[in-house]
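Asks: Have a look; sequence and predicted model below, questions after that.
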Amino acid sequence: MAKKLKITQTRSIIDRPKDQKRTIEALGLGRPNYEVVHNDTPQIRGMIRKVAHLVKFEETEG
């Protein structure tokens, strides 16, 4: 079964650079405490790395 990542936005995107705002939106987040589940892919990992200071994530089974 494929691994999943549960991503939770922990901080606001107010006063953040545009590329970070777009990355948060591309992940499907928008406000603090929003949660989404994505497949564990290198693309999603890269997006998380880019906004690591704004989100937390945990691995889950599918």
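Replies: Thanks, I have it. Residues are numbered from 1 along each chain as shown.
Asks: so what's residue 30 up against?
Replies: Residues near residue 30 by CB atoms under 8 Å, 6 or more residues apart in numbering: 9, 24. Using the backbone N, CA and C atoms, a C-beta is placed for each residue, glycine as well.
Asks: Could I get the pLDDT score of it?
Replies: pLDDT, residue 30: 94.
Asks: Could you check how far it is from residue 23?
Replies: Applying CB to CB, to the nearest Å, the value for residue 30 to residue 23 is 12 Å.
Asks: Tell me which stretches of this structure form strands.
Replies: Along the chain, counting by DSSP state E, strands occupy 3-9, 35-39, 55-61.
Asks: list the buried ones in the second one?
Replies: By neighbour count, and taking 16 or more other CB atoms under 10 Å as the criterion, the buried residues in strand 35-39 are 36, 38.
Asks: least trustworthy helix or strand in this structure by mean pLDDT?
Replies: strand 55-61 (a mean of 94; mean pLDDT, DSSP states H and E).
Asks: and that one, how far from the chain's centre?
Replies: Counting by CA atoms, centre = their mean, to the nearest Å, strand 55-61 is centred 9 Å from the centre of its parent chain.
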